[in-house]
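In: coords please:
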Amino acid sequence: MIAILGTGKMGEALLSGLLRAGFKPGDVLATARRAERADALRERYGVQVVSNAEAAKSADTIILAVKPQDMASLLTEIATHVPADRLVISAAAGITTSFVESRLGADIPVVRVMSNTPVLVDEAMSVISAGAHASEEHLRRTEDLLRPVGKVLRIPETQQDAATALSGSGPAYFFYLVEAMVDAGILLGMPRAAALDMVTQSIVGAAIMLRDSGEHPVILREAVTSPGGTTIAAIAELERHSVRAAFLAAIEAARDRSRQLAGG
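Out: Modelled structure (predicted):
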């Protein structure tokens with residue numbers, strides 16, 4: 001039995017991914033803060049929606065998917081209901097395994113996970129890190145849960161805040177880029193729908209090339225960048241406006257915010 005405590009946007013994305021991966025609705029418990037949200041989850045997915053305490057007592061694997069600022073109160077609520085042999089997976093940005101362990105006690109195995117919203121289309125990037133009491137078996141169980149909905153990578157926990165900034169928030173950067181490129185198309189006289197189709201397919205195609213070719217992104221970019229051509233004119237403008245430096249600063253700021261969330 002798997003329990004997802006806190007079925008907001010990411011919790012629901014994980015829930016839907018598990019069901020698409022073959023888990024039966026009867027194998028998954030969910031919790032929700034509001035009654036109308038609980039009713040919607042029951043109707044949409046056919047899962048049981050129970051209290052946090054009941055979910056913690058009943059499940060073999062407990063996924064903590066609440067917002068970082070709500071994690072402390074959730075752990076206080078369930079601490080006396082989590083048996084020592086349970087696997088606890090924390091999916092909240094900035095929350096360390098030691099934070100969870102110190103509030104649950106009893107040497108409970110904790111694995112920290114940062115996934116992202118493409119879990120909704122089975123293309124998530126999930127990074128996992130073991131806590132002090134998590135074994136190889138616990139990491140494998142976590143990988144088995146996440147692999148059907150995307151790629152899974154093990155990293156040291158010291159890199160989790162950076163992963164949150166890079167891949168956890170990463171889809172938003174791409175959507176922001178698409179928004180800007182579509183606006184540019186409209187500025188140049190393209191209909192919005194046509195501009196969106198062109199930009200979306202260009203990004204999908206480029207991502208597949210990058211993933212499947214094995215080439216460094218610089219090599220792929222240079223293949224499109226002819227001397228004195230249109231692409232280098234655009235690249236020069238991006239460099240003039242310090243777009244590369246802005247990305248570095250933005251992702252560093254996201255990393256710093258992840259660290260702040262851990263501190264409450």
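In: all helices for the stretch 151-264 of the chain, in order.
Out: 160-163, 170-187, 192-213, 217-224, 230-240, 243-262 (DSSP state H, counting those that start in this stretch).
In: correction: the stretch 1-150 of the chain
Out: Here the stretch 1-150 of the chain has its helices, by DSSP H, counting those that start in this stretch, at 9-20, 35-45, 52-58, 71-78, 97-104, 136-146.
In: distance from the chain centre to the last one, please.
Out: What it means is helix 136-146. 16 Å (Cα atoms, centre = their mean, to the nearest Å).
In: now that helix: mean pLDDT?
Out: For helix 136-146, mean pLDDT is 95.
In: picking that back up, can you put the helices of the stretch 1-150 of the chain in CSV and add distance to Glu239 and mean neighbour count?
Out: Where C-beta positions appear, they are placed from N, C-alpha and C, glycine not excepted. Shown next, in CSV, are those (distance: least, Cβ to Cβ, whole Å; neighbours: other Cβ atoms under 10 Å):
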stretch, distance to Glu239, mean neighbour count
helix 9-20, 35, 20
helix 35-45, 47, 14
helix 52-58, 51, 19
helix 71-78, 41, 18
helix 97-104, 41, 19
helix 136-146, 38, 17
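In: other residues contacting stretch 138-149?
Out: 2, 14, 17-18, 20-22, 61, 87, 89, 109, 111, 113, 115, 119, 122-124, 126, 128, 130, 152, 154 (Cβ atoms under 8 Å, 6 or more residues apart in numbering).
In: columns mean pLDDT and distance to Ser98 on top of the helices of the stretch 151-264 of the chain, output as JSON lines?
Out: Shown next, in JSON lines, are the helices of the stretch 151-264 of the chain (pLDDT from 0 to 100; distance: least, Cβ to Cβ, whole Å):
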{"stretch": "helix 160-163", "mean pLDDT": "94", "distance to Ser98": "12"}
{"stretch": "helix 170-187", "mean pLDDT": "97", "distance to Ser98": "26"}
{"stretch": "helix 192-213", "mean pLDDT": "97", "distance to Ser98": "34"}
{"stretch": "helix 217-224", "mean pLDDT": "96", "distance to Ser98": "36"}
{"stretch": "helix 230-240", "mean pLDDT": "97", "distance to Ser98": "41"}
{"stretch": "helix 243-262", "mean pLDDT": "93", "distance to Ser98": "10"}
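In: deepest-packed of those, please.
Out: Highest mean neighbour count of these: helix 160-163, a mean of 24 (counted as mean count of other Cβ atoms under 10 Å).
In: quick one: contacts of it?
Out: Contacts for helix 160-163 (Cβ under 8 Å, 6+ apart): Gly94, Thr96, Arg112, Met114, Val127, Ser129, Ile155, Arg255, Ser258, Arg259, Ala262.
In: identify the bridge partners of the fourth one.
Out: As for beta bridges, Met114 partners with Val127 under DSSP bridges.
In: enumerate every residue touching it.
Out: Met114 neighbours (Cβ under 8 Å, 6+ apart): Ala91, Ala93, Ser126, Val127, Gln160, Ala163, Thr164, Ser167, Gly168.
In: was I right to think the second one contacts Gly168?
Out: Translated: Ala93. Yes - contact criterion Cβ atoms under 8 Å: Ala93 and Gly168 qualify, at 6.3 Å.
In: list residues touching both of those two?
Out: Common neighbours of Ala93 and Gly168 (Cβ under 8 Å, 6+ apart) are Met114, Ser258.
In: and the helices of the stretch 1-150 of the chain as JSON lines, adding distance to Ala245?
Out: What follows is those, written out as JSON lines (distance: least, Cβ to Cβ, whole Å):
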{"stretch": "helix 9-20", "distance to Ala245": "30"}
{"stretch": "helix 35-45", "distance to Ala245": "41"}
{"stretch": "helix 52-58", "distance to Ala245": "44"}
{"stretch": "helix 71-78", "distance to Ala245": "34"}
{"stretch": "helix 97-104", "distance to Ala245": "33"}
{"stretch": "helix 136-146", "distance to Ala245": "33"}
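In: looking at these, which is closest to Glu215?
Out: Across the helices of the stretch 1-150 of the chain, Glu215 has its closest neighbour in helix 136-146 (27.2 Å, Cβ to Cβ).
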